[in-house]
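1. Have a look; sequence and predicted model below, questions after that.
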Number of protein chains: 2
Amino acid sequence: MKFSESEENYIKSIYKLQENTKKVNTNSLAGHLNTKAASVTDMLKKLKSKKVLEYKRYYGFRLNDSGNKEALKIIRRHRLWEFFLVSKLGMPWDKVHAIAEELEHVSSLELVKKLDEYLGKPKIDPHGDPIPDEKGEMPELKQVGLNVFPSKKNGIVSSISNQTSEMMKMLDHYGIGIGSQIKVLKTFDFDGSLQVKISKQPACVISSGFAQNIFVYDD
Amino acid sequence: MKFSESEENYIKSIYKLQENTKKVNTNSLAGHLNTKAASVTDMLKKLKSKKVLEYKRYYGFRLNDSGNKEALKIIRRHRLWEFFLVSKLGMPWDKVHAIAEELEHVSSLELVKKLDEYLGKPKIDPHGDPIPDEKGEMPELKQVGLNVFPSKKNGIVSSISNQTSEMMKMLDHYGIGIGSQIKVLKTFDFDGSLQVKISKQPACVISSGFAQNIFVYDD
DNA sequence: ATAAATTTTTAGATTTGTCTAAAATAATTT
DNA sequence: AAATTATTTTAGACAAATCTAAAAATTTAT
(Lines give C-alpha, C1' and ligand atoms only; values in the text may rest on other atoms or scores of the structure.)
Protein backbone atom coordinates (compact mmCIF):
# COMPACT_ATOMS: atom_id res chain seq x y z
CA MET A 1 0.00 0.00 0.00
CA LYS A 2 1.27 3.44 -0.91
CA PHE A 3 0.62 6.58 1.11
CA SER A 4 0.75 10.24 0.19
CA GLU A 5 3.01 12.61 2.05
CA SER A 6 0.01 13.96 3.89
CA GLU A 7 -1.25 10.53 4.86
CA GLU A 8 2.20 9.67 6.13
CA ASN A 9 2.25 12.76 8.30
CA TYR A 10 -1.08 11.85 9.81
CA ILE A 11 0.03 8.28 10.47
CA LYS A 12 3.21 9.48 12.11
CA SER A 13 1.39 11.96 14.32
CA ILE A 14 -1.24 9.47 15.39
CA TYR A 15 1.53 7.05 16.28
CA LYS A 16 3.20 9.62 18.47
CA LEU A 17 0.00 10.65 20.22
CA GLN A 18 -0.87 7.02 20.87
CA GLU A 19 2.23 6.67 23.03
CA ASN A 20 0.65 8.83 25.69
CA THR A 21 -3.09 8.20 25.45
CA LYS A 22 -4.76 4.96 24.48
CA LYS A 23 -7.31 6.57 22.20
CA VAL A 24 -6.42 9.63 20.19
CA ASN A 25 -8.97 12.36 19.70
CA THR A 26 -9.58 14.64 16.77
CA ASN A 27 -8.68 17.92 18.39
CA SER A 28 -5.34 16.82 19.75
CA LEU A 29 -4.34 15.45 16.37
CA ALA A 30 -5.43 18.70 14.74
CA GLY A 31 -3.26 20.55 17.24
CA HIS A 32 -0.31 18.28 16.64
CA LEU A 33 -0.53 18.67 12.87
CA ASN A 34 -1.30 22.34 13.01
CA THR A 35 -4.51 21.89 11.08
CA LYS A 36 -8.27 21.99 11.71
CA ALA A 37 -10.51 19.34 13.23
CA ALA A 38 -12.60 19.10 10.06
CA SER A 39 -9.54 18.26 8.00
CA VAL A 40 -8.62 15.58 10.48
CA THR A 41 -12.03 13.94 10.22
CA ASP A 42 -11.71 13.85 6.45
CA MET A 43 -8.35 12.16 6.65
CA LEU A 44 -9.51 9.70 9.30
CA LYS A 45 -12.13 8.39 6.89
CA LYS A 46 -9.47 7.95 4.25
CA LEU A 47 -7.07 6.17 6.59
CA LYS A 48 -9.88 3.93 7.76
CA SER A 49 -10.75 3.02 4.19
CA LYS A 50 -7.07 2.27 3.63
CA LYS A 51 -7.26 -0.10 6.58
CA VAL A 52 -4.63 1.40 8.82
CA LEU A 53 -6.98 2.90 11.38
CA GLU A 54 -9.53 1.75 13.91
CA TYR A 55 -12.04 4.52 13.92
CA LYS A 56 -15.66 4.89 15.01
CA ARG A 57 -17.08 8.33 14.68
CA TYR A 58 -17.20 10.43 17.82
CA TYR A 59 -15.34 7.66 19.67
CA GLY A 60 -11.67 8.40 19.04
CA PHE A 61 -9.28 6.28 17.01
CA ARG A 62 -5.97 4.47 16.90
CA LEU A 63 -3.73 2.80 14.36
CA ASN A 64 -4.20 -0.92 13.81
CA ASP A 65 -1.25 -3.29 13.34
CA SER A 66 -0.85 -2.34 9.74
CA GLY A 67 -0.89 1.35 10.64
CA ASN A 68 1.66 0.93 13.38
CA LYS A 69 3.93 -0.92 10.98
CA GLU A 70 3.65 1.91 8.51
CA ALA A 71 4.37 4.49 11.21
CA LEU A 72 7.50 2.67 12.24
CA LYS A 73 8.74 2.64 8.66
CA ILE A 74 8.31 6.39 8.44
CA ILE A 75 9.96 6.99 11.80
CA ARG A 76 12.80 4.70 10.77
CA ARG A 77 13.42 6.76 7.67
CA HIS A 78 13.19 10.00 9.61
CA ARG A 79 15.71 8.93 12.23
CA LEU A 80 18.13 7.37 9.76
CA TRP A 81 18.20 10.62 7.83
CA GLU A 82 18.72 12.60 11.02
CA PHE A 83 21.62 10.34 11.85
CA PHE A 84 23.03 10.87 8.39
CA LEU A 85 22.68 14.62 8.51
CA VAL A 86 24.47 14.87 11.84
CA SER A 87 27.08 12.15 11.60
CA LYS A 88 28.00 12.44 7.94
CA LEU A 89 27.15 15.98 6.92
CA GLY A 90 27.98 17.48 10.29
CA MET A 91 24.78 19.46 10.56
CA PRO A 92 23.74 20.81 13.95
CA TRP A 93 21.22 18.76 15.95
CA ASP A 94 18.55 21.40 15.96
CA LYS A 95 18.47 21.87 12.18
CA VAL A 96 18.13 18.30 11.07
CA HIS A 97 14.56 17.66 12.14
CA ALA A 98 12.96 19.89 9.53
CA ILE A 99 15.07 18.45 6.73
CA ALA A 100 14.43 14.87 7.82
CA GLU A 101 10.69 15.65 7.72
CA GLU A 102 11.10 16.01 3.98
CA LEU A 103 13.57 13.21 3.37
CA GLU A 104 11.47 10.69 5.30
CA HIS A 105 8.87 10.65 2.54
CA VAL A 106 11.29 9.24 -0.03
CA SER A 107 10.30 5.66 0.44
CA SER A 108 12.47 3.48 -1.78
CA LEU A 109 13.12 0.29 0.18
CA GLU A 110 16.45 -0.14 -1.56
CA LEU A 111 17.50 3.35 -0.52
CA VAL A 112 16.60 2.83 3.12
CA LYS A 113 18.43 -0.47 3.23
CA LYS A 114 21.60 0.94 1.71
CA LEU A 115 21.48 4.04 3.86
CA ASP A 116 21.11 1.94 6.99
CA GLU A 117 24.12 -0.19 6.05
CA TYR A 118 26.14 2.84 5.10
CA LEU A 119 25.50 4.42 8.48
CA GLY A 120 26.46 1.21 10.27
CA LYS A 121 22.93 0.21 11.23
CA PRO A 122 22.65 2.82 13.98
CA LYS A 123 20.26 2.12 16.83
CA ILE A 124 19.79 5.61 18.22
CA ASP A 125 19.32 8.91 16.45
CA PRO A 126 21.14 12.14 17.35
CA HIS A 127 18.32 13.23 19.63
CA GLY A 128 18.68 10.02 21.59
CA ASP A 129 15.58 8.35 20.18
CA PRO A 130 15.70 4.69 19.10
CA ILE A 131 15.67 3.86 15.40
CA PRO A 132 13.25 1.05 14.49
CA ASP A 133 14.98 -1.81 12.63
CA GLU A 134 13.93 -3.29 9.25
CA LYS A 135 11.29 -5.35 10.98
CA GLY A 136 9.90 -2.37 12.82
CA GLU A 137 11.31 -3.41 16.19
CA MET A 138 12.33 -0.57 18.45
CA PRO A 139 15.68 -1.38 20.06
CA GLU A 140 15.39 -1.29 23.84
CA LEU A 141 18.62 0.41 24.69
CA LYS A 142 19.37 2.54 27.68
CA GLN A 143 21.87 5.27 27.10
CA VAL A 144 23.85 6.79 29.91
CA GLY A 145 26.27 9.64 30.34
CA LEU A 146 29.82 8.51 29.56
CA ASN A 147 30.80 9.50 33.12
CA VAL A 148 28.68 6.68 34.53
CA PHE A 149 29.28 4.16 31.75
CA PRO A 150 31.02 1.00 33.07
CA SER A 151 34.75 0.68 32.39
CA LYS A 152 36.20 -1.73 29.81
CA LYS A 153 32.94 -1.98 27.91
CA ASN A 154 32.55 -1.04 24.27
CA GLY A 155 30.15 1.84 23.89
CA ILE A 156 28.71 3.75 20.97
CA VAL A 157 28.13 7.49 21.19
CA SER A 158 24.44 8.03 20.61
CA SER A 159 23.84 11.65 21.40
CA ILE A 160 25.35 14.79 22.86
CA SER A 161 23.37 16.87 25.30
CA ASN A 162 25.03 20.17 24.56
CA GLN A 163 25.19 21.86 21.25
CA THR A 164 27.27 24.91 21.99
CA SER A 165 30.14 25.72 19.70
CA GLU A 166 32.50 25.27 22.64
CA MET A 167 31.29 21.70 22.96
CA MET A 168 31.57 21.17 19.22
CA LYS A 169 35.19 22.30 19.27
CA MET A 170 36.05 19.80 21.96
CA LEU A 171 34.21 16.96 20.27
CA ASP A 172 36.02 17.81 17.11
CA HIS A 173 39.36 17.90 18.88
CA TYR A 174 38.87 14.46 20.35
CA GLY A 175 37.35 13.03 17.19
CA ILE A 176 34.12 12.18 18.96
CA GLY A 177 30.89 12.17 17.03
CA ILE A 178 27.56 10.42 16.83
CA GLY A 179 28.30 6.75 16.19
CA SER A 180 31.89 6.84 17.50
CA GLN A 181 33.12 3.77 19.33
CA ILE A 182 34.32 4.59 22.80
CA LYS A 183 35.65 2.70 25.84
CA VAL A 184 36.42 3.91 29.34
CA LEU A 185 39.77 2.52 30.42
CA LYS A 186 40.15 4.12 33.82
CA THR A 187 38.53 6.70 36.07
CA PHE A 188 40.37 9.07 38.39
CA ASP A 189 38.55 9.64 41.64
CA PHE A 190 40.38 12.86 42.40
CA ASP A 191 38.42 14.94 39.86
CA GLY A 192 36.32 12.29 38.15
CA SER A 193 38.30 12.51 34.93
CA LEU A 194 38.34 9.50 32.63
CA GLN A 195 40.87 7.82 30.45
CA VAL A 196 39.07 6.77 27.27
CA LYS A 197 39.82 5.13 23.96
CA ILE A 198 38.02 6.64 21.02
CA SER A 199 37.72 4.36 17.98
CA LYS A 200 41.27 3.45 17.01
CA GLN A 201 42.97 6.53 18.38
CA PRO A 202 45.46 6.40 21.24
CA ALA A 203 43.93 6.65 24.70
CA CYS A 204 43.39 10.09 26.18
CA VAL A 205 41.94 11.69 29.28
CA ILE A 206 38.79 13.79 29.38
CA SER A 207 37.06 15.71 32.14
CA SER A 208 34.02 14.47 33.99
CA GLY A 209 32.03 17.50 32.89
CA PHE A 210 32.78 16.80 29.28
CA ALA A 211 31.89 13.11 29.70
CA GLN A 212 28.55 13.97 31.30
CA ASN A 213 27.34 15.40 28.04
CA ILE A 214 28.30 12.42 25.94
CA PHE A 215 25.61 9.76 25.87
CA VAL A 216 26.59 6.22 25.16
CA TYR A 217 24.99 2.81 24.86
CA ASP A 218 26.30 -0.75 25.08
CA ASP A 219 27.66 -2.03 21.81
CA MET B 1 10.58 32.24 -4.67
CA LYS B 2 9.36 28.79 -3.74
CA PHE B 3 8.17 26.18 -6.21
CA SER B 4 6.00 23.13 -5.78
CA GLU B 5 7.31 19.72 -6.73
CA SER B 6 5.21 19.82 -9.86
CA GLU B 7 6.44 23.26 -10.85
CA GLU B 8 10.00 22.09 -10.35
CA ASN B 9 9.43 19.13 -12.64
CA TYR B 10 8.08 21.41 -15.35
CA ILE B 11 11.01 23.79 -15.00
CA LYS B 12 13.49 20.94 -15.22
CA SER B 13 11.84 19.46 -18.29
CA ILE B 14 11.63 22.77 -20.09
CA TYR B 15 15.30 23.32 -19.36
CA LYS B 16 16.20 19.99 -20.90
CA LEU B 17 14.06 20.50 -23.99
CA GLN B 18 15.55 23.95 -24.50
CA GLU B 19 18.96 22.40 -25.00
CA ASN B 20 17.87 20.97 -28.32
CA THR B 21 15.31 23.43 -29.70
CA LYS B 22 15.31 27.17 -29.18
CA LYS B 23 11.59 27.38 -28.47
CA VAL B 24 9.81 24.61 -26.66
CA ASN B 25 6.29 23.63 -27.69
CA THR B 26 3.41 22.40 -25.61
CA ASN B 27 3.12 18.93 -27.05
CA SER B 28 6.75 17.98 -26.67
CA LEU B 29 6.71 19.11 -23.06
CA ALA B 30 3.54 17.12 -22.48
CA GLY B 31 5.29 14.10 -23.98
CA HIS B 32 8.38 14.62 -21.86
CA LEU B 33 6.37 14.91 -18.67
CA ASN B 34 3.98 12.14 -19.59
CA THR B 35 0.98 14.42 -19.19
CA LYS B 36 -1.57 16.13 -21.41
CA ALA B 37 -1.22 19.33 -23.44
CA ALA B 38 -4.03 21.00 -21.53
CA SER B 39 -2.23 20.43 -18.24
CA VAL B 40 0.88 21.95 -19.71
CA THR B 41 -0.92 25.08 -20.79
CA ASP B 42 -2.30 25.51 -17.28
CA MET B 43 1.15 25.23 -15.79
CA LEU B 44 2.70 27.57 -18.35
CA LYS B 45 0.36 30.31 -17.19
CA LYS B 46 1.40 29.70 -13.64
CA LEU B 47 5.10 29.69 -14.43
CA LYS B 48 4.68 32.86 -16.43
CA SER B 49 2.93 34.54 -13.53
CA LYS B 50 5.78 33.42 -11.32
CA LYS B 51 8.15 35.14 -13.73
CA VAL B 52 10.32 32.24 -14.75
CA LEU B 53 8.95 31.80 -18.25
CA GLU B 54 8.76 33.76 -21.49
CA TYR B 55 5.48 32.66 -22.95
CA LYS B 56 3.09 34.01 -25.56
CA ARG B 57 0.14 31.82 -26.32
CA TYR B 58 0.40 29.67 -29.43
CA TYR B 59 4.00 30.86 -29.91
CA GLY B 60 6.06 28.47 -27.79
CA PHE B 61 8.01 29.33 -24.68
CA ARG B 62 11.34 29.22 -22.91
CA LEU B 63 12.71 29.85 -19.45
CA ASN B 64 14.02 33.32 -18.70
CA ASP B 65 17.20 33.94 -16.68
CA SER B 66 15.41 33.41 -13.43
CA GLY B 67 13.91 30.15 -14.70
CA ASN B 68 17.23 28.85 -15.95
CA LYS B 69 18.78 29.59 -12.60
CA GLU B 70 16.05 27.66 -10.87
CA ALA B 71 16.46 24.74 -13.28
CA LEU B 72 20.17 24.58 -12.57
CA LYS B 73 19.52 24.46 -8.86
CA ILE B 74 17.21 21.50 -9.31
CA ILE B 75 19.62 19.72 -11.64
CA ARG B 76 22.42 20.38 -9.19
CA ARG B 77 20.46 18.69 -6.42
CA HIS B 78 19.53 15.80 -8.66
CA ARG B 79 23.07 15.11 -9.73
CA LEU B 80 24.56 15.53 -6.27
CA TRP B 81 22.12 12.96 -4.95
CA GLU B 82 22.92 10.61 -7.81
CA PHE B 83 26.57 10.96 -6.97
CA PHE B 84 25.81 10.25 -3.35
CA LEU B 85 23.72 7.19 -4.10
CA VAL B 86 26.39 5.64 -6.29
CA SER B 87 29.60 6.70 -4.58
CA LYS B 88 28.51 6.44 -0.95
CA LEU B 89 25.65 3.98 -0.88
CA GLY B 90 27.00 1.84 -3.69
CA MET B 91 23.74 1.73 -5.61
CA PRO B 92 23.80 0.69 -9.27
CA TRP B 93 23.88 3.47 -11.91
CA ASP B 94 20.55 2.55 -13.42
CA LYS B 95 18.59 2.64 -10.17
CA VAL B 96 19.63 6.02 -8.86
CA HIS B 97 17.77 8.25 -11.28
CA ALA B 98 14.31 7.48 -9.96
CA ILE B 99 15.36 8.01 -6.36
CA ALA B 100 17.18 11.24 -7.15
CA GLU B 101 13.98 12.49 -8.80
CA GLU B 102 12.44 12.45 -5.35
CA LEU B 103 15.42 13.66 -3.36
CA GLU B 104 15.98 16.63 -5.66
CA HIS B 105 12.86 18.33 -4.35
CA VAL B 106 14.23 18.64 -0.84
CA SER B 107 15.51 22.13 -1.22
CA SER B 108 17.25 23.19 1.98
CA LEU B 109 20.21 25.33 0.93
CA GLU B 110 22.12 24.24 3.99
CA LEU B 111 21.60 20.59 3.09
CA VAL B 112 22.80 21.02 -0.48
CA LYS B 113 25.87 22.88 0.66
CA LYS B 114 26.83 20.28 3.24
CA LEU B 115 26.13 17.43 0.88
CA ASP B 116 28.29 19.01 -1.79
CA GLU B 117 31.18 19.43 0.63
CA TYR B 118 30.75 15.94 1.98
CA LEU B 119 30.95 14.48 -1.51
CA GLY B 120 34.10 16.50 -2.25
CA LYS B 121 32.41 19.01 -4.54
CA PRO B 122 32.08 16.59 -7.43
CA LYS B 123 31.92 18.04 -10.93
CA ILE B 124 30.44 15.12 -12.83
CA ASP B 125 27.65 12.74 -11.90
CA PRO B 126 27.77 8.96 -12.28
CA HIS B 127 26.15 9.16 -15.71
CA GLY B 128 28.91 11.46 -16.88
CA ASP B 129 26.82 14.64 -16.78
CA PRO B 130 28.27 17.83 -15.30
CA ILE B 131 27.02 19.04 -11.91
CA PRO B 132 26.24 22.78 -11.81
CA ASP B 133 28.14 24.58 -9.05
CA GLU B 134 26.64 26.80 -6.32
CA LYS B 135 26.46 29.68 -8.76
CA GLY B 136 24.73 27.61 -11.37
CA GLU B 137 27.79 27.35 -13.60
CA MET B 138 28.11 24.11 -15.53
CA PRO B 139 31.72 22.92 -15.35
CA GLU B 140 33.16 22.52 -18.85
CA LEU B 141 35.09 19.34 -18.33
CA LYS B 142 35.97 16.79 -20.91
CA GLN B 143 36.22 13.28 -19.60
CA VAL B 144 38.29 10.69 -21.36
CA GLY B 145 38.90 6.98 -21.00
CA LEU B 146 41.71 6.32 -18.55
CA ASN B 147 43.63 4.57 -21.36
CA VAL B 148 44.08 7.91 -23.17
CA PHE B 149 44.45 10.09 -20.08
CA PRO B 150 47.87 11.80 -19.99
CA SER B 151 50.48 10.34 -17.61
CA LYS B 152 51.52 12.01 -14.36
CA LYS B 153 48.33 14.04 -14.17
CA ASN B 154 45.89 13.84 -11.29
CA GLY B 155 42.54 12.57 -12.48
CA ILE B 156 39.18 11.96 -10.85
CA VAL B 157 37.06 9.00 -11.84
CA SER B 158 33.79 10.45 -13.09
CA SER B 159 31.93 7.51 -14.58
CA ILE B 160 32.22 3.90 -15.62
CA SER B 161 30.87 2.79 -18.97
CA ASN B 162 30.15 -0.77 -18.03
CA GLN B 163 27.90 -1.90 -15.26
CA THR B 164 28.31 -5.65 -15.42
CA SER B 165 28.96 -7.50 -12.21
CA GLU B 166 32.30 -8.64 -13.65
CA MET B 167 33.30 -4.99 -13.97
CA MET B 168 32.03 -4.25 -10.49
CA LYS B 169 34.16 -7.00 -9.04
CA MET B 170 37.28 -5.60 -10.64
CA LEU B 171 36.51 -2.04 -9.60
CA ASP B 172 35.96 -3.30 -6.12
CA HIS B 173 39.22 -5.25 -6.16
CA TYR B 174 41.22 -2.20 -7.18
CA GLY B 175 39.31 0.13 -4.89
CA ILE B 176 38.17 2.26 -7.80
CA GLY B 177 34.87 4.10 -7.58
CA ILE B 178 33.17 7.28 -8.69
CA GLY B 179 35.21 10.14 -7.26
CA SER B 180 38.43 8.14 -6.76
CA GLN B 181 41.69 9.98 -7.36
CA ILE B 182 43.80 8.28 -9.99
CA LYS B 183 47.11 8.91 -11.75
CA VAL B 184 48.72 7.08 -14.65
CA LEU B 185 52.39 6.50 -13.86
CA LYS B 186 53.47 4.54 -16.88
CA THR B 187 52.07 2.84 -19.96
CA PHE B 188 53.39 -0.35 -21.49
CA ASP B 189 53.29 -0.32 -25.25
CA PHE B 190 53.43 -4.09 -25.53
CA ASP B 191 49.80 -4.61 -24.53
CA GLY B 192 48.70 -1.11 -23.61
CA SER B 193 48.53 -1.91 -19.90
CA LEU B 194 48.96 0.94 -17.44
CA GLN B 195 50.63 1.39 -14.12
CA VAL B 196 48.32 3.54 -12.03
CA LYS B 197 48.13 4.97 -8.56
CA ILE B 198 44.68 4.90 -7.02
CA SER B 199 44.15 7.36 -4.16
CA LYS B 200 46.77 6.51 -1.56
CA GLN B 201 47.17 2.85 -2.41
CA PRO B 202 50.42 1.42 -3.76
CA ALA B 203 50.78 1.55 -7.53
CA CYS B 204 49.40 -1.33 -9.57
CA VAL B 205 49.00 -2.36 -13.18
CA ILE B 206 45.68 -2.62 -15.01
CA SER B 207 44.77 -3.74 -18.51
CA SER B 208 43.98 -1.39 -21.35
CA GLY B 209 40.53 -2.91 -21.74
CA PHE B 210 39.73 -2.23 -18.12
CA ALA B 211 41.07 1.33 -18.37
CA GLN B 212 38.92 2.05 -21.42
CA ASN B 213 35.80 1.77 -19.32
CA ILE B 214 36.99 4.12 -16.62
CA PHE B 215 36.26 7.73 -17.41
CA VAL B 216 38.38 10.39 -15.85
CA TYR B 217 38.71 14.15 -15.84
CA ASP B 218 41.54 16.54 -14.96
CA ASP B 219 41.64 17.37 -11.28
C1' DA C 1 -5.72 31.11 -50.99
C1' DT C 2 -8.70 28.03 -49.27
C1' DA C 3 -9.29 23.57 -47.11
C1' DA C 4 -7.50 20.11 -44.17
C1' DA C 5 -4.68 18.78 -40.52
C1' DT C 6 -2.21 19.83 -36.46
C1' DT C 7 -1.31 22.21 -32.35
C1' DT C 8 -2.68 24.91 -28.57
C1' DT C 9 -5.90 26.85 -25.60
C1' DT C 10 -10.27 27.21 -23.11
C1' DA C 11 -14.16 25.48 -20.56
C1' DG C 12 -15.66 22.58 -17.37
C1' DA C 13 -15.06 18.35 -14.48
C1' DT C 14 -12.28 15.53 -11.05
C1' DT C 15 -9.17 14.41 -7.13
C1' DT C 16 -6.64 15.53 -3.01
C1' DG C 17 -6.25 18.09 0.87
C1' DT C 18 -7.67 21.88 3.05
C1' DC C 19 -10.96 25.35 5.15
C1' DT C 20 -15.36 27.76 7.51
C1' DA C 21 -19.70 27.52 9.36
C1' DA C 22 -23.38 24.85 10.85
C1' DA C 23 -25.26 20.57 12.66
C1' DA C 24 -24.82 16.41 15.43
C1' DT C 25 -23.12 14.02 19.23
C1' DA C 26 -20.94 13.56 23.70
C1' DA C 27 -19.54 15.36 28.16
C1' DT C 28 -20.25 18.40 31.97
C1' DT C 29 -22.80 21.26 34.99
C1' DT C 30 -26.60 22.67 37.57
C1' DA D 1 -32.58 15.01 33.79
C1' DA D 2 -32.36 19.10 31.43
C1' DA D 3 -29.35 22.68 30.00
C1' DT D 4 -24.99 24.24 28.88
C1' DT D 5 -20.48 23.48 27.00
C1' DA D 6 -17.13 21.11 24.31
C1' DT D 7 -15.97 18.06 20.68
C1' DT D 8 -16.64 15.97 16.38
C1' DT D 9 -18.72 15.54 12.08
C1' DT D 10 -21.10 17.11 7.93
C1' DA D 11 -22.01 20.23 4.20
C1' DG D 12 -20.29 23.08 1.05
C1' DA D 13 -16.42 25.86 -0.80
C1' DC D 14 -11.64 26.50 -2.43
C1' DA D 15 -6.84 25.87 -4.41
C1' DA D 16 -3.62 22.91 -6.90
C1' DA D 17 -2.91 19.83 -10.44
C1' DT D 18 -4.80 17.07 -13.48
C1' DC D 19 -8.09 15.40 -17.23
C1' DT D 20 -11.57 15.25 -21.51
C1' DA D 21 -13.85 17.42 -25.07
C1' DA D 22 -14.62 21.35 -27.73
C1' DA D 23 -13.04 25.75 -29.65
C1' DA D 24 -9.39 28.72 -31.47
C1' DA D 25 -5.15 29.56 -33.74
C1' DT D 26 -1.52 28.04 -36.59
C1' DT D 27 0.62 25.21 -40.08
C1' DT D 28 0.53 22.28 -44.07
C1' DA D 29 -1.36 20.63 -48.27
C1' DT D 30 -3.97 21.04 -52.34
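-> Perfect, thanks for sending it.
2. list the contacts for A:I14?
-> Each residue near A:I14 by C-beta atoms under 8 Å, 6 or more residues apart in numbering or on different chains is listed here: A:V24, A:L29, A:L53, A:F61, A:R62, A:L63, A:G67, A:A71. Placement of C-beta: from N, CA and C, glycine included.
3. so the first one bridges to which residues?
-> If I follow you right, that is A:V24. With beta bridges defined as DSSP bridges, A:V24 has these partners: A:F61.
4. wait, A:I131 sits on A:P139?
-> Yes: here A:I131 reaches A:P139: they are 7.2 Å apart, a contact under C-beta atoms under 8 Å.
5. overlap in contacts of the two?
-> A:K123, A:I124.
6. what residue ranges in chain A are flagged as low confidence?
-> Per-residue confidence for chain A (pLDDT under 70) gives no ranges below the cut-off.
7. Show me the helices in chain A, by range?
-> Remark: helices assigned in chain A by DSSP state H are A:5-18, A:26-33, A:37-49, A:65-87, A:93-103, A:109-118, A:165-174, A:208-212.
8. most packed of these?
-> Using mean count of other C-beta atoms under 10 Å in any protein chain shown, the stretch among these with the largest mean neighbour count is helix A:65-87, at a mean of 21.
9. now the angle from that helix to helix A:37-49?
-> Interaxial angle, helix A:65-87 versus helix A:37-49 (axes from the mean of the first three to the mean of the last three C-alpha atoms, to 10 degrees): 110 degrees.
10. From the chain's centroid, how far away is helix A:65-87?
-> Relative to the chain's own centre, helix A:65-87 is displaced by 8 Å; criterion: C-alpha atoms, centre = their mean, to the nearest Å.
11. Remind me what it packs against, helices and strands.
-> On a contact count with 3 or more C-beta pairs under 8 Å, 6 or more residues apart in numbering or on different chains; DSSP states H and E, helix A:65-87 meets helix A:5-18, helix A:93-103, helix A:109-118.
12. Does DNA strand C have contacts with the longest one?
-> Yes: taking C-beta under 7 Å from any atom of the strand as the criterion, helix A:5-18 and DNA strand C are in contact, through A:E5, A:S6, A:E7.
13. now these as a markdown table including distance to B:G177?
-> Below are the residues of helix A:5-18 next to DNA strand C laid out as a markdown table (distance: C-beta to C-beta, whole Å):
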| residue | distance to B:G177 |
| --- | --- |
| A:E5 | 33 |
| A:S6 | 38 |
| A:E7 | 38 |
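14. residues contacting the nearest residue to A:K12 once chain neighbours are set aside?
-> In this structure, A:K12 finds its nearest non-sequential neighbour in A:I74, 5.0 Å apart by C-beta to C-beta, 6 or more residues apart in numbering or on different chains. By C-beta under 8 Å, 6+ apart, the contact set of A:I74 is A:E8, A:I11, A:K12, A:E104, A:H105.
15. residues touching A:T26, list them.
-> Under the criterion of C-beta under 8 Å, 6+ apart, the neighbours of A:T26 are A:A37, A:V40, A:T41, A:L44, A:G60.
16. Please apply the same query to A:Q201.
-> Contacts for A:Q201 were tallied using C-beta under 8 Å, 6+ apart; they are A:G175.
17. Please report the distance of it from A:Q181.
-> From A:Q201 across to A:Q181, the span is 10 Å (C-beta to C-beta, to the nearest Å).
18. again, but for A:L29
-> If you measure A:L29 against A:Q181 using C-beta to C-beta, the figure is 41 Å.
19. And for A:K46?
-> With the distance defined as C-beta to C-beta, A:K46 ends up 46 Å from A:Q181.
20. A:I131 too?
-> Look at A:I131 and A:Q181: by C-beta to C-beta, they are 18 Å apart.
21. which one of the two has more residues nearby?
-> Shown here are A:I131 and A:Q181; by other C-beta atoms under 10 Å in any protein chain shown, A:I131 has more neighbours (23 against 15).
22. And that one, how close does it get to DNA strand D?
-> Remark: distance between A:I131 and DNA strand D (C-beta to the nearest atom of the strand, to the nearest Å) = 31 Å.
23. Then A:E54?
-> With distances taken as C-beta to the nearest atom of the strand, A:E54 is found 12 Å from DNA strand D.
24. Please verify my assumption that that residue contacts A:R62.
-> Yes: the pair A:E54 / A:R62 is scored as a contact, 5.5 Å apart, by C-beta under 8 Å.
25. Ok, which of the helices and strands packed on helix A:65-87 comes nearest DNA strand D?
-> Distances from DNA strand D to each of those were compared by C-beta to the nearest atom of the strand, and the smallest falls on helix A:5-18, at 11.3 Å.
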